[in-house]
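Q: Generate a structure from the sequence data that follows.
(2 chains)
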Amino acid sequence: AAGVIQSPRHLIKEKRETATLKCYPIPRHDTVYWYQQGPGQDPQFLISFYEKMQSDKGSIPDRFSAQQFSDYHSELNMSSLELGDSALYFCASSYPRITSGRAHEQFFGPGTRLTVL
Amino acid sequence: GDSVTQMEGPVTLSEEAFLTINCTYTATGYPSLFWYVQYPGEGLQLLLKATKADDKGSNKGFEATYRKETTSFHLEKGSVQVSDSAVYFCALGGHSGYSTLTFGKGTMLLVSP
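A: Numbering: from 1, shown residues only, chains lettered A, B, ... in the order given. Below is the predicted model:
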């Protein structure tokens, strides 16, 4: 079965650089979520999109922005990178909201490991 | 706000031992509850879920029961295998189902032969 695809899998950047992470949800899933997992930490919710509109916002820094495109893929743009941004960034997607009983399940991608030097 | 508390790890067991990982939650309303597993170097995989009180989620020999009276969702397995070694996250989602997940800190399980 198709899974959530994230690219790149690994990314190394210098401080103050920018980075763009991409997420391709499972086909026909309409909601995308972004999470950040620091070393040894639990995933923290950043932001989510439903039908190309932002639906929820968590602890996303102002330096970060994201959007969902017409094909439902999403991109997380990160600027003025800091050492503390080094983390695993997960994207997750979920079933269409008209799907009874399973819309609450989130399917996670393998993550992008960002290292800021 | 919503929160999830898990027992700290690592939990170290011998193969075929019984596993319990405790999870309690604080939330308004009636959240959905999940257990996710993260193998080394990999993403999060949904292990099991329960969407209402007294529901029992089960998968791959693991099970957990949604206990509203004790606000708990403890993970159990009768006989663990070396391949079960991973980090386990308890998580809750909102009643509407479309909300974000709030995770516990994770519990590392190490199973030795």
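
Q: ok, now how distant is residue A:41 from residue A:117?
A: Per C-beta to C-beta, to the nearest Å, residue A:41 is found 20 Å from residue A:117. From N, CA and C alone the C-beta is placed, and that goes for glycine too.

Q: more neighbours, the two?
A: Per other C-beta atoms under 10 Å in any protein chain shown, whichever of residue A:41 and residue A:117 has more neighbours is residue A:41, with 13 against 10.

Q: Chain A against chain B: which residues are in contact?
A: A:31, A:33, A:35, A:41-45, A:48, A:50, A:55-56, A:58, A:90, A:92, A:94, A:97, A:101, A:103-111 (C-beta under 8 Å from any C-beta of the partner chain).

Q: which residues sit against stretch B:72-83?
A: Under the contact criterion C-beta atoms under 8 Å, 6 or more residues apart in numbering or on different chains, stretch B:72-83 has outside partners B:13, B:15-25, B:33, B:35, B:47, B:50, B:61-67, B:84, B:88, B:90, B:109, B:111-113.

Q: Whichever of the residues you listed end up buried, select them in PyMOL.
A: Here is the PyMOL command that selects the buried residues among these (16 or more other C-beta atoms under 10 Å in any protein chain shown):
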select buried, chain B and resi 13+19+21+22+23+24+25+33+35+47+50+62+63+64+65+66+67+84+88+90+109+111
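
Q: Please name the nearest non-neighbouring residue to residue A:21.
A: Spatial nearest neighbour of residue A:21, chain neighbours left out: residue A:76 (4.4 Å); criterion: C-beta to C-beta, 6 or more residues apart in numbering or on different chains.

Q: mind checking the backbone torsions on the one you found?
A: Backbone torsions of residue A:76, given as degrees, to the nearest 10, read phi -110, psi 120.

Q: Leaving out chain neighbours, which residue sits closest to residue B:21?
A: Nearest non-adjacent residue to residue B:21 (C-beta to C-beta, 6+ apart): residue B:75, at 4.4 Å.
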